[in-house]
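>>> Curious how this folds, go ahead:
(one chain, ligands or ions: 1)
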Amino acid sequence: MKCSRSKSKIKDEQKNSHNLVVLDFIGSHVVRLFVTKYPDYQIFNLDALTYAGNLENLKDIEDASNYTFIKEDINDAAVLKELFLQHKFDSVIHLAAESHVDRSITDPLSFVKTNIIGTMNLLNAAKDLWKDNYENKLFYHISTDEVYGTLGETGFFNEETAYDPNSPYSASKAGSDHFVRAYGETYGLPYIITNCSNNYGPNQFPEKLIPLFIHNIVQNKALPVYGDGNYTRDWLYVEDHAIAIDLAFHKSEVKNTYNIGGFNEWKNLELVKLLCTVMDKKLNRENGSSQKLITFIKDRPGHDKRYAIDATRINKELGWKPSVTFEEGLEKTVDWYLSNEEWLRNVTSGKYQEYYEEQYR
Ligand code: DAU
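Residues are numbered from 1 along each chain as shown. Okay, the predicted model is just below:
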């Protein structure tokens with residue numbers, strides 16, 4: 001049975017439902033939330049464990065009886081097909097992506113492969129398994145606000161904003177969003193998409209601004225700020241994003257989109273200065289010493305000036321809003337990195353050094 005075009009709520013809490021979550025940093029927080037909050041769900045976590053994937057991130061729940069880890073790659077269509085047949089997944093929460101803008105500038109093709117072809121492979125596997133009965137099935141695609149391009153000094157992205165991506169990364173995410181919608185229209189596949197702003201929090205790979213700068217401050221290394229630092233991002237604590245995903249998964253209508261944001265805009269330079277102050281305190285360093293590490297470097301090509309999310313729809317319809325202030329979230333994040341030095345050491349050895357040299361030399 002195809003799902004009708006009229007919007008209807010499709011996911012109730014279901015006993016023994018088999019949910020496939022395909023991972024990244026945000027995904028690890030979603031998996032933890034679902035495994036602990038829904039003991040009746042079987043959660044299958046599929047991850048290729050590429051450079052940013054790390055089983056350590058879910059050590060605390062790895063023995064849970066409703067949790068299964070599968071090391072596979074969404075680029076392998078045949079394996080996905082097999083897995084869908086074997087486990088009869090009812091729903092997919094798709095968070096697997098190449099997600100770092102700078103890497104997409106040096107290697108755009110790998111972003112097309114994982115973000116577009118990988119998403120197509122998942123869509124095909126889901127469609128093939130579900131096509132005779134779409135009832136209570138859901139393909140949930142997690143996306144980004146970067147698909148909307150850039151804003152000037154004012155205004156916000158909402159769910160009706162036209163797509164206008166500027167980086168190979170955002171173009172690949174826009175492409176994957178389009179395919180998800182196209183599968184909804186063409187084949188009736190029940191889907192939802194959410195587009196979120198910049199996430200931060202524990203377990204984020206230290207290539208993104210906040211964990212990279214925490215790592216560098218600890219090591220007394222330069223803090224490489226692109227351009228003049230006057231670029232604006234909207235920051236959301238990752239656990240609040242996971243809560244929004246839980247709500248959208250259970251309560252959204254089919255063929256729906258929600259924008260998720262932190263109501264929390266910061267210019268990069270201001271954010272870095274705040275981070276420096278927090279780090280000085282935590283490391284018992286003289287106030288102002290970390291700020292001396294700030295180094296302005298050549299700008300990122302195609303650097304989007306400003307992102308800002310209007311999250312009114314998810315707030316009004318699902319009652320979601322961030323629970324953690326930026327100051328609280330940043331402090332929790334810093335505390336986590338400082339008490340997980342071994343995690344940080346492990347992920348920054350080997351290949352990371354090569355990436356760092358190449359990116360910032
Ligand atoms: O908006 C959501 C997006 O946020 C996600 O879809 C992406 O996966 C995620 O990477 C993030 O994209 P950004 O490019 O905004 O994040 P990033 O942490 O790389 O950079 C944040 C800002 O800080 C951006 O204006 C570039 C700047 N920056 C970043 C790095 C890594 C620097 O000035 N220096 C740096 O070394």
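
>>> going forward, measure contacts between C-alpha atoms and count neighbours the same way
Fine.

>>> From one end of stretch 250-268 to the other, what's the distance?
Distance between the boundary residues of stretch 250-268 (CA to CA, to the nearest Å) amounts to 35 Å.

>>> whoops, I mixed them up, stretch 107-125
End to end - CA to CA - stretch 107-125 spans 27 Å.

>>> Name the residues of that stretch that are buried.
Judged by neighbour count (16 or more other CA atoms under 10 Å), stretch 107-125 contains these buried residues: 108, 110-125.

>>> among those, which are in reach of the ligand?
By CA under 6 Å from any ligand atom, no member of these lies near the ligand.

>>> Touching, Ser143 and Ala171? I think so.
No - in this structure, Ser143 is not within contact of Ala171 by CA atoms under 8 Å, at 11.5 Å.

>>> Please enumerate residues in contact with stretch 20-28?
31, 43-47, 52-53, 57-58, 89-97, 199, 203-205, 238, 241-242 (CA atoms under 8 Å, 6 or more residues apart in numbering).

>>> for that stretch, the distance to its chain's centre please.
Once both centres are worked out by CA atoms, centre = their mean, to the nearest Å, stretch 20-28 turns out to sit 8 Å from its chain's centre.

>>> just stretch 322-337 next, same as before
Using CA atoms, centre = their mean, the offset of stretch 322-337 from its chain centre is 17 Å.

>>> for that stretch, which positions count as buried?
For stretch 322-337, by 16+ other CA under 10 Å, it's Pro322, Val324, Phe326, Gly329, Leu330, Glu331, Lys332, Thr333, Val334, Tyr337.

>>> Format those as CSV; extra columns: secondary structure and pLDDT.
CSV is the format used below for the buried residues of stretch 322-337 (DSSP: H, G, I helix; E, B strand; the rest coil; pLDDT from 0 to 100):
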residue, secondary structure, pLDDT
Pro322, coil, 98
Val324, coil, 96
Phe326, helix, 97
Gly329, helix, 98
Leu330, helix, 98
Glu331, helix, 98
Lys332, helix, 98
Thr333, helix, 98
Val334, helix, 98
Tyr337, helix, 98
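
>>> Can you add distance to the ligand and give those residues back as a markdown table?
Formatted as a markdown table, the buried residues of stretch 322-337 follow (distance: CA to the nearest ligand atom, whole Å):
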| residue | distance to the ligand |
| --- | --- |
| Pro322 | 16 |
| Val324 | 18 |
| Phe326 | 15 |
| Gly329 | 16 |
| Leu330 | 14 |
| Glu331 | 17 |
| Lys332 | 18 |
| Thr333 | 14 |
| Val334 | 15 |
| Tyr337 | 16 |
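
>>> Same list, those residues, but as JSON lines with distance to Gly229 please.
Output for the buried residues of stretch 322-337, formatted as JSON lines (distance: CA to CA, whole Å):
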{"residue": "Pro322", "distance to Gly229": "26"}
{"residue": "Val324", "distance to Gly229": "25"}
{"residue": "Phe326", "distance to Gly229": "19"}
{"residue": "Gly329", "distance to Gly229": "22"}
{"residue": "Leu330", "distance to Gly229": "19"}
{"residue": "Glu331", "distance to Gly229": "22"}
{"residue": "Lys332", "distance to Gly229": "24"}
{"residue": "Thr333", "distance to Gly229": "22"}
{"residue": "Val334", "distance to Gly229": "21"}
{"residue": "Tyr337", "distance to Gly229": "24"}
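
>>> Now do the contacts for the nearest residue to Ala162 once chain neighbours are set aside.
Counting by CA to CA, 6 or more residues apart in numbering, Tyr148 is the residue found nearest to Ala162 once chain neighbours are left out, at 6.3 Å. Tyr148 makes contact with Phe157, Thr161, Ala162, Tyr163, Asp164, Pro165 under the criterion CA under 8 Å, 6+ apart.
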